[in-house]
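Peer 1: Sequence first, predicted coordinates after that:
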Amino acid sequence: MTALDWTREAACAVPPASALPWTADPGDASPAEVAAMARVCAGCPVRLACAAYAHSGVTAGFWAGRERGELDGARASSRRCAAA
Ligand code: SF4
């Protein structure tokens with residue numbers, strides 16, 4: 001078993017979803033592509049593992065329903081809500 005075993009169940013790894021621009025830099029994917037990736041992630045069984053991996057040094061791409069730069073903001077918002 002490896003740290004990336006969860007990727008075997010990734011919804012983005014199989015066609016037609018795999019054709020979307022998952023590794024694009026923030027802002028490079030079109031709004032329609034971003035919406036399509038978000039829909040795929042919404043039904044992905046490994047979304048939590050994906051989000052954890054995205055926080056391990058990844059700097060670009062679309063992970064767990066958000067562009068990489070948005071994940072940091074979402075995590076900060078969660079902490080603020082929990083602290084309130
Ligand atoms: S949550 Fe989204 S980006 Fe992450 S593995 Fe699943 S489909 Fe891919």
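Peer 2: Received it, and whenever you're ready, just let me know what you need.
Peer 1: what sits against Tyr53?
Peer 2: By Cβ atoms under 8 Å, 6 or more residues apart in numbering, Tyr53 lies in contact with 4, 6, 63. For the C-beta atoms, the positions are set from N, CA and C on the backbone; glycine is no exception.
Peer 1: Quick check: the second one touching Cys50?
Peer 2: Yes - with contact defined as Cβ atoms under 8 Å, Trp6 and Cys50 form a contacting pair (7.0 Å).
Peer 1: Looking at these two, which is more packed in?
Peer 2: Cys50 (22 against 17; other Cβ atoms under 10 Å).
Peer 1: picking that back up, list residues touching both of Trp6 and Cys50?
Peer 2: In terms of Cβ under 8 Å, 6+ apart, Trp6 and Cys50 are not both contacted by any residue.
Peer 1: His55: neighbour count?
Peer 2: His55 sits with 13 neighbouring residues when counted by other Cβ under 10 Å.
Peer 1: can you tell me how far it sits from Ala32?
Peer 2: As judged by Cβ to Cβ, to the nearest Å, His55 and Ala32 stand 27 Å apart.
Peer 1: Right, I'll leave it there.
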